[in-house]
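*Asks:* Structure here, sequence nowhere to be found:
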Ligand SMILES: Cc1cc2nc3c(=O)[nH]c(=O)nc-3n(C[C@H](O)[C@H](O)[C@H](O)COP(=O)(O)OP(=O)(O)OC[C@H]3O[C@@H](n4cnc5c(N)ncnc54)[C@H](O)[C@@H]3O)c2cc1C
């Protein structure tokens with residue numbers, strides 16, 4: 001590998017899964033001239049009607065892909081006025097919303113808006129819907145995928161971005177079931193006009209006894225995204241689109257800060273699902289197959305980093321694969337895992353810890369509040385990270401550069 005001449009042949013990548021992880025990986029690979037195709041099981045690309053937060057660590061990568069303007073057009077800036085509260089509305093502290101340089105690169109995004117921006121930037125024909133992957137095999141020269149519709153595909157590298165229930169994971173590592181957190185999340189969107197005077201551009205988190213409630217704007221601020229996290233023994237539903245009971249949601253936060261109660265009175269319908277994660281896997285890569293996003297490192301949403309980390313994964317891979325020969329792939333993929341997992345292992349663990357803070361699982365709430373006050377240090381370390389720079393440095397440090 002050392003001193004190797006840059007390949008003149010375009011590397012072929014097949015991505016299984018057209019969620020935020022798979023499509024953003026395709027954007028990163030396409031930017032570095034890798035021939036990429038995404039295979040998605042659904043008949044059309046889609047994300048449920050809910051939000052997510054894009055933080056500086058992934059926004060700087062998306063901006064380098066040329067998506068800055070499109071994201072600014074549909075995102076909702078989140079910054080000043082972002083705060084943590086006790087259940088009754090007492091302010092616990094402010095939320096850090098910049099990286100160390102002071103850049104406030106944070107958007108609340110409707111998930112479908114983010115997916116549309118990513119997908120629209122890809123060459124026509126990159127995404128093939130209606131392709132449920134049902135099998136994987138490889139030999140020395142290539143990897144092959146089988147689909148339920150009878151089609152097959154061949155590639156130099158297969159990227160499994162098929163989510164927490166990944167069917168390709170078992171070709172890499174002994175499968176382990178996802179772990180239920182004991183928490184159910186109710187989630188939905190409300191037109192801002194229904195809540196006149198609601199704080200602009202702010203993320204707000206109310207932390208109660210075993211529960212927490214979060215609100216932030218999406219879609220240029222026209223919609224408010226809310227999530228109510230409540231304990232539940234019911235482990236059965238983990239679908240992204242199960243319809244929740246709005247009365248059950250409202251009664252879970254009865255007597256909380258009047259702002260929360262007023263918002264819940266305006267809710268007409270919501271989704272709910274159980275929250276699952278996994279302990280770090282023993283391995284993410286084997287030969288020509290790599291895991292990415294939730295397939296590699298499913299995490300709880302209490303740091304808002306699941307999709308952000310999936311986006312970082314794709315950028316790291318694209319840097320490692322740029323200009324490579326197909327024969328290099330099995331040598332390079334372990335480098336992807338080395339590069340990425342030190343960070344995602346920590347974030348998986350920190351997301352669990354942050355859930356305990358938000359759910360006030362502390363004998364002494366002052367201790368929790370002290371930890372919330374210094375959470376900015378962790379957030380800075382998440383936001384400052386530049387995966388592209390780290391991946392380029394990794395190549396040079398290990399003398400793996402393509403030219
Ligand atoms: C309540 C909640 C709030 C969250 N908030 C945030 C947030 O604010 N910020 C953040 O960064 N993250 C957040 N996350 C996490 C984030 O949503 C996930 O980490 C992220 O969406 C994972 O993306 P993915 O592409 O890896 O997987 P998925 O989104 O699960 O996509 C997998 C795709 O693969 C397809 N697929 C599956 N099997 C096959 C197959 N066999 N063949 C073909 N296609 C297949 C599926 O149809 C799907 O399209 C949140 C999660 C939850 C539950």
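*Replies:* In hand now; what should we look at? Owing to the predicted nature of the structure, the values given are computational and were not obtained by experimental measurement.
*Asks:* Give the buried residues for the host helix or strand of residue 251.
*Replies:* Counting by DSSP states H and E, the element that carries residue 251 is helix 246-252. Buried residues in helix 246-252, defined by neighbour count with 16 or more other C-beta atoms under 10 Å: 246, 249, 250, 252. Yep, even glycine has a C-beta here, placed from its N, CA and C like the rest.
*Asks:* Farthest pair within those?
*Replies:* 246 and 252 (10.7 Å; C-beta to C-beta).
*Asks:* ok now do residue 73, which residues does it touch?
*Replies:* By C-beta atoms under 8 Å, 6 or more residues apart in numbering, the contact list for residue 73 reads residue 220.
*Asks:* Could you list every helix and strand that the helix holding residue 251 packs against?
*Replies:* Contact partners of helix 246-252 among helices and strands, from 3 or more C-beta pairs under 8 Å, 6 or more residues apart in numbering; DSSP states H and E: strand 179-191, strand 223-231, helix 258-265, strand 270-277.
*Asks:* May I see those arranged in a markdown table, with mean neighbour count and mean pLDDT as well?
*Replies:* Formatted as a markdown table, these follow (neighbours: other C-beta atoms under 10 Å; pLDDT from 0 to 100):
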| stretch | mean neighbour count | mean pLDDT |
| --- | --- | --- |
| strand 179-191 | 20 | 94 |
| strand 223-231 | 23 | 97 |
| helix 258-265 | 17 | 98 |
| strand 270-277 | 21 | 90 |
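*Asks:* Make a markdown table out of those and add distance to residue 18.
*Replies:* Output for the helices and strands packed on helix 246-252, formatted as a markdown table (distance: least, C-beta to C-beta, whole Å):
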| stretch | distance to residue 18 |
| --- | --- |
| strand 179-191 | 21 |
| strand 223-231 | 22 |
| helix 258-265 | 32 |
| strand 270-277 | 19 |
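*Asks:* got the residues of this protein near the ligand?
*Replies:* Contacts of the chain with the ligand, taken as C-beta under 6 Å from any ligand atom, map to 16-22, 39-42, 52-53, 131-133, 161-163, 167, 185, 187, 227, 275, 293-295, 301, 304-308, 310.
*Asks:* Can I have the buried ones of these as a ChimeraX selection?
*Replies:* In ChimeraX syntax, the buried subset of the residues of the chain next to the ligand is picked out as below (16+ other C-beta under 10 Å):
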select :16,17,18,19,20,21,22,39,40,41,52,53,131,133,161,162,163,167,185,187,227,275,293,294,295,301,304,305,306,307,308,310
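*Asks:* about what we covered before: quick check: mean pLDDT of the helix holding residue 251?
*Replies:* Mean pLDDT, computed over helix 246-252, is 92.
*Asks:* What lies in contact with that helix?
*Replies:* Helix 246-252 has contacts (C-beta under 8 Å, 6+ apart) with 186, 211, 228, 230, 261, 264, 265, 267, 268, 269, 270, 272.
*Asks:* Which members of those define the maximum pairwise distance?
*Replies:* 211 and 268 (21.4 Å).
*Asks:* Of the two, give the one with the bigger neighbour count.
*Replies:* When neighbours are counted by other C-beta atoms under 10 Å, residue 211 comes out ahead of the other of residue 211 and residue 268, with 19 against 8.
*Asks:* which residues does the residue nearest to the more buried one when sequence neighbours are not counted bridge with?
*Replies:* Among residues not flanking residue 211 along the chain, residue 230 sits closest, at 5.0 Å (C-beta to C-beta, 6 or more residues apart in numbering). Listed beta-bridge partners, residue 230: residue 184 (assigned using DSSP bridges).
*Asks:* you'd agree residue 230 is up against residue 213?
*Replies:* No: taking contacts as C-beta atoms under 8 Å, residue 230 lies outside contact range of residue 213: 9.2 Å.
*Asks:* Strands - which of the residues of the chain next to the ligand land there?
*Replies:* Using DSSP state E, 16, 39, 52, 53, 133, 185, 187, 227, 275 are the members of these that sit in strands.
*Asks:* Just send the residues you listed back as a markdown table, with distance to residue 373 too.
*Replies:* Shown next, in a markdown table, are these (distance: C-beta to C-beta, whole Å):
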| residue | distance to residue 373 |
| --- | --- |
| 16 | 43 |
| 39 | 46 |
| 52 | 25 |
| 53 | 21 |
| 133 | 46 |
| 185 | 26 |
| 187 | 28 |
| 227 | 23 |
| 275 | 25 |
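*Asks:* Against residue 132, how distant is the residue in the stretch 301-403 of the chain that the ligand sits nearest to?
*Replies:* The nearest approach of the stretch 301-403 of the chain to the ligand comes at residue 306, 2.2 Å away (C-beta to the nearest ligand atom). Noted for residue 306: a distance of 23 Å to residue 132, by C-beta to C-beta, to the nearest Å.
*Asks:* do residue 375 as well
*Replies:* Shown here: residue 375 relative to residue 132, a distance of 41 Å by C-beta to C-beta.
*Asks:* Over to residue 233?
*Replies:* 32 Å.
*Asks:* what does stretch 390-397 rub up against?
*Replies:* The contact list for stretch 390-397 (C-beta under 8 Å, 6+ apart) reads 315, 316, 319, 320, 335, 338, 339, 400, 401, 402.
*Asks:* Verify the stated contact: the second one with residue 337.
*Replies:* No: in this structure, residue 316 is not within contact of residue 337 by C-beta under 8 Å, at 9.7 Å.
*Asks:* Mind checking which of those two has more residues around it?
*Replies:* Neighbour count, other C-beta under 10 Å: between residue 316 and residue 337, residue 316 has more, with 26 against 20.
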